[in-house]
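1. need coordinates for the below:
(2 chains)
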2 protein chains.
Amino acid sequence: MAVMQREYGRRTLLREIRKAGRIPRIELSGLTGISRATVTTITAEFLSDGLVEEVSRDEGEPDSRRGRPRVDLKIRGAAHLVVGVKISHHKLSLVLLDFEGEQLATEECDLSRPVSSPEELAAEIRQAVSRLAGHIGREPGDISGIGIGIAGIVEANDGFVHWSPSLSARNVELGGLLTGMLGVPCFIDNDANLVAVAEHTFGLGRDHSDFLVVTIESGVGLGMVIGGALYRGTRGCGAEFGHTKVQLNGALCRCGQRGCLEAYVADYALLREATLVSGQDAHADPAKRVENLLDAARAGDATARSIVDRAGQIFAMGLANLVNIFDPELIILAGEQMQFDHLYSDAVIDTMRKSIVQVDKAPPEVVVHKWGDLMWARGAAAYALDKVSEMALERLDEHAA
Amino acid sequence: MAVMQREYGRRTLLREIRKAGRIPRIELSGLTGISRATVTTITAEFLSDGLVEEVSRDEGEPDSRRGRPRVDLKIRGAAHLVVGVKISHHKLSLVLLDFEGEQLATEECDLSRPVSSPEELAAEIRQAVSRLAGHIGREPGDISGIGIGIAGIVEANDGFVHWSPSLSARNVELGGLLTGMLGVPCFIDNDANLVAVAEHTFGLGRDHSDFLVVTIESGVGLGMVIGGALYRGTRGCGAEFGHTKVQLNGALCRCGQRGCLEAYVADYALLREATLVSGQDAHADPAKRVENLLDAARAGDATARSIVDRAGQIFAMGLANLVNIFDPELIILAGEQMQFDHLYSDAVIDTMRKSIVQVDKAPPEVVVHKWGDLMWARGAAAYALDKVSEMALERLDEHAA
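-> As a prediction, this is how the structure comes out:
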C-alpha cells in the first residue's frame, strides 16, 4: 500500500503542479489531501530529478510572518524537449515544446506524396524533426519523446496502425519503426484523438470531463473524452465516426462499404454530384472544384445548394446520433478549413438539436473551434508530454523501490 | 489524506468481499494492497455494523501451522433486504434479495393500464412491494432500498424521469414520489441501464470492463459499461439507441421524429407494412398480428420475409454504428421474447460484422442472452444493493469522522 500510495502521490502532484503553473507546497497538500510531509518528500524527488524547480514569489508580497520570501514550485521547462507531429494529406506540421509546454520552434513541410510506404514516411519525419531541432541549435537526440497524429485506425498503446490513408501498407508497427529510426521514443495516435487531448489540455475542453471533438478535413474524425480520459475503444478502433452508416445500402465510400457518413460529406462525395452543376470545370484539381461548388452554392445556384445542403443534413444526423448515445456536456467542432463552413452552420447545428431526443433540459453546448495544423501538432506534443512525464515518474518509482 | 484513504479502503474491501463470496483477511490485504492492520480495523467496523460476518472454513482444511480453524469473511445476508422492480408495458416484476444477493421471494402482477399517472403507478408498486415482503412474513418497512427500472429517459442521480412510455406525465420526480409513498429509499434508472448492471454484477459482463447491452422489447434499449462503470451521459439522456437516426427523413417514429431505428424494428413498425401480407387478420390484437407476420415470414411468404429482413438489416446497421463508435470488447443482446429472434439471427450479426470498419483483428464478441422479466428485476435489485451499501458506508464514514 505504501508503495502504491507513493506512486499515486507522484502522479497526482506532478499533474497538479503542471495544472497550477506555479504553486506553493502547502497549497498542493490542501488541493490533493496528501500530507505535508509526503508532499515535501515527493517534491524533493522531483527537484533532485530536475522535473520541477523552485521560484521565488514576487518580492512585492513577502511572507511577513517569517520574514523570508515564499517559494513556489513549477515544472522545469529545461527538463525535457518534446515534439508533436501532425501528418496531413499533403504536409507535415511540427512543434517543439519544452517540458513546461512552452513552444520553442515550429516546422511545416510538404510531403513528397500523400500516400507513402512506412519507411518513406518515417524518413520524411526524421528529416523534419532534425530541421525542427536545428531551429534552436539542438539535435534530434536531445528530444525526450515525439507524439505523432495520423489519420486512420491506430492502436495507440502499441503504436500500431491498422490502416491509414497516409500509408500504402496496412498493419504497420509505426511507433516501433519511428522509434528505431529516430532513436527517440515515438508515440502514435489517431489525429482526432490528439485534437481531443489538445482541447482537454489547453483548449475548450479544459473544464469538462465528458465531451466529444469532431474534426473535419478530407475525412471526418472523432475524439471522445469520457470521465476525464480519452476513450480509445478496446482494440484501438473506437471513435470511428466517418464510417458510421447513415443510409442502408447508401452511397459508396472510399472504404469500400456503402452508406458511410463520409460518403455524403467529404469533398470527394460532393464532387461526385458537382458535375451536374452548370459552369463547373471538370478538369480543375479537386480542391479547386470543391471551392467552385461551394462558391456556386453561396451564389444561390439551386443544384449546388442542394448538394451542400444534403451534406449538412447528413452531418447533423450523424451528430445527433452521437448526442443520443453519449449525452455529452459539450461538442467541439474542430477544423481549420473555411471550406467546411457549410457543415458548421447554425442551420446544421439547429437540425442536429431537432433530431435528438427531446427533454425539457438544454441540449449539449456545441462550439466551433477553428485552428490550424500547428494546433493539431500541439495536441500530439501534449500527448508526448504525458508520455515523457510518465516515463520520468516510472524511473522515480524504480529508484524508490 | 488518512480520512480519504480510510473511506476508499472501506469501499474497496466491501466490494472485494462481495466479489469473493468468502475470503480470509490476509487475502484481502494481498488483493487490494491495503495493509493487514488497516484490513483488520476496517473489517472490525464491518463486523460491528453487521455488514459482514465470520464463517469457519471447512474443517477438512485446518490451518496446520497454527492448529486452529481459519476464518473467512462474507457479506451478512441478514444485514439488509433490497427489492428490484421492473416496470414493463403490461406488468410489474419484483424480486426480494438479502444483502448477500440471495433471492428470497418474487412477485409478478399485471398493471391496471400500460400508461398511468405517476401516483397510480406508485400506488401499484407499493401494493406489489407489500405482497412481495408478505411472502416471507416481512413488512415494506423492513426493506432498506428499492431499485426500479423503467423505460424512457431517466436522470438516475435525481430519480427524475424526463419521459417514459409508462407515464402519462413528463418531468416526474418519481424517485422522490416513491420514496415518500413507500417510506423506503427508492432508486430509479432506465431499464436497459439496469440490465447492464445485472450483466456486470452477475451476468455475462462480469469479467469485462467495456461492453454494451442492447435490449429489445417493444422498444430498443442500450446500456453502456465503460471503464468498469455504467455510463449514463451528462444529463441522464445517454445510451439512447432506439432513436438514433438510420435514415434521413425516414419512417415516422412514435417519438414524432423521422428515421429512428425503432421506426424500422419495433413491433408497431413491422405492423405498418404487415397489411400487405396476404392472409393477415387486420383486426387481431397487435401481439397476435406480429406473431402472424413472423409465422408467415418463417413459412416463406416473400412479402413477410421482406419486412422482417429489412428490420434485421436496419438493426445490424445500428449495431455496427455502436461498434464503430465504441469498439467494445463485447456486445450482449438481451431480451426475453422469442418474438425478436429475427433480430438476433446469425444473418443479422454477420451483416453487422461486415458493416464495421475492417481491421485484421477479430471484431467484438456478440452474445445473445435471453432472460425473463425477473432477471431485469434482479438488475434493479443489484442497483439497490449498490446504493444500500453506499448508504451503509457513508454511515461508517460519519461515525469515524
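
2. any weak-confidence spans in chain A?
-> Residues of chain A meeting the criterion pLDDT under 70: A:1-4, A:58-69, A:336-339, A:401.

3. the longest helix belonging to it near chain B anywhere?
-> Counting residues, the longest helix found in chain A (DSSP state H) is helix A:373-400. No - on the criterion Cβ under 8 Å from any Cβ of the partner chain, helix A:373-400 is out of touch with chain B, staying 14.2 Å away. C-beta: built from backbone N, CA, C; applies to glycine.

4. and the strands in the stretch 251-400 of chain A, which stretches?
-> For the stretch 251-400 of chain A, applying DSSP state E, counting those that start in this stretch gives strands covering A:330-335, A:365-370.

5. whoops, I mixed them up, the stretch 51-200 of chain A
-> Secondary structure of the stretch 51-200 of chain A (DSSP E, counting those that start in this stretch): strands at A:52-56, A:71-75, A:81-87, A:91-98, A:103-110, A:145-150, A:153-155, A:160-163, A:186-190.

6. of all those, which lies closest to chain B?
-> strand A:160-163 (4.0 Å; Cβ to the nearest Cβ).

7. name the residues that touch the closest one?
-> Contacts to strand A:160-163, defined as Cβ atoms under 8 Å, 6 or more residues apart in numbering or on different chains, come from residues A:150, A:152-155, A:167, A:170-175, A:188, A:236-237, B:359-361.

8. rewinding a little: now the strands of the stretch 51-200 of chain A in JSON lines, with mean neighbour count?
-> As requested, those are exported to JSON lines (neighbours: other Cβ atoms under 10 Å in any protein chain shown):
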{"stretch": "strand A:52-56", "mean neighbour count": "15"}
{"stretch": "strand A:71-75", "mean neighbour count": "19"}
{"stretch": "strand A:81-87", "mean neighbour count": "29"}
{"stretch": "strand A:91-98", "mean neighbour count": "23"}
{"stretch": "strand A:103-110", "mean neighbour count": "16"}
{"stretch": "strand A:145-150", "mean neighbour count": "28"}
{"stretch": "strand A:153-155", "mean neighbour count": "25"}
{"stretch": "strand A:160-163", "mean neighbour count": "21"}
{"stretch": "strand A:186-190", "mean neighbour count": "28"}
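
9. in a markdown table, list these along with distance to B:V39.
-> Converted to a markdown table, the strands of the stretch 51-200 of chain A look like this (distance: least, Cβ to Cβ, whole Å):
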| stretch | distance to B:V39 |
| --- | --- |
| strand A:52-56 | 35 |
| strand A:71-75 | 35 |
| strand A:81-87 | 42 |
| strand A:91-98 | 45 |
| strand A:103-110 | 49 |
| strand A:145-150 | 40 |
| strand A:153-155 | 38 |
| strand A:160-163 | 41 |
| strand A:186-190 | 39 |
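
10. who in the stretch 201-350 of chain A is up against chain B?
-> So far as Cβ under 8 Å from any Cβ goes, the stretch 201-350 of chain A lies against chain B at A:210, A:222, A:224, A:226-227, A:229, A:231-241, A:243-248, A:255, A:257, A:259, A:310, A:313-314, A:317, A:320-322, A:324-329.

11. now with 7 Å?
-> By Cβ under 7 Å from any Cβ of the partner chain, the residues of the stretch 201-350 of chain A that approach chain B are A:210, A:226-227, A:231, A:233-235, A:237-241, A:243-248, A:257, A:313-314, A:317, A:320-321, A:324-329.

12. any chance of the strands of the stretch 251-400 of chain A in JSON lines, with mean neighbour count too?
-> Shown next, in JSON lines, are these (neighbours: other Cβ under 10 Å):
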{"stretch": "strand A:330-335", "mean neighbour count": "23"}
{"stretch": "strand A:365-370", "mean neighbour count": "16"}
